[in-house]
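1. The following block contains a protein sequence and its predicted model.
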Amino acid sequence: MEITAVKDCDLEKYITDIMLDVGVPAHLKGYHYLRSAILLSGRDMEVVTSVTKLLYPAIARRFKTTDQKVERAIRNAIEVSWNRGNAETFEKMFGYSASSGRTRPTNSEYIARIADKVRLDIKAM
């Protein structure tokens, strides 16, 4: 099954489950921005290659804010999940975690990895 065949609400629900599993707190603004970034990236992986030119501006327009605020909120949400999240889930998804002493993934690495997981999981259905 292709990701384009999945309804947005079903896809958002699936992405939300993954984000909660890695420990992104739902009360952060970055949580909503990150979910949108993963959804957009899952539909078109090209946006991950240019997050500052394509992805952040698209999310900023949707939420009526600035690119810089989107980038900062996503970075904060990733930082929080990296420090407080489930280390086992990070090990499975990224191959490393905070407990292994590595630094957190960049915004684009984080978004790309989760978007790729979503795409692969949808294809396997």
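-> On my side now, so go ahead.

2. any idea how far L54 is from D44?
-> Separation of L54 from D44 (Cβ to Cβ, to the nearest Å): 9 Å. Where you see a C-beta, it was placed from the backbone N, CA and C, and this is true even at glycine.

3. For the protein, which residues score under the pLDDT cut-off?
-> Scanning the chain for pLDDT under 70 picks out the ranges 1-6.

4. Quick one: the helices in it, in order.
-> Using DSSP state H, the helices assigned to the chain run over residues 8-22, 29-43, 56-63, 67-84, 87-94, 107-124.

5. Return the distance of the fourth one from the chain's centre.
-> Relative to the centre of its chain, helix 67-84 is centred 10 Å away, using Cα atoms, centre = their mean, to the nearest Å.

6. Also the first one?
-> Shown here is helix 8-22, whose average C-alpha point lies 10 Å from the average C-alpha point of the whole chain (Cα atoms, centre = their mean).

7. same thing with the second one?
-> With Cα atoms, centre = their mean as the basis, the distance from the averaged C-alpha position of helix 29-43 to the chain average is 5 Å.

8. other SSEs contacting that helix?
-> helix 8-22, helix 56-63, helix 67-84, helix 107-124 (3 or more Cβ pairs under 8 Å, 6 or more residues apart in numbering; DSSP states H and E).

9. quick one on the thing from earlier: buried deepest among the helices of the chain, which one?
-> Most buried of the helices of the chain, by mean neighbour count (mean count of other Cβ atoms under 10 Å): helix 29-43, with a mean of 22.
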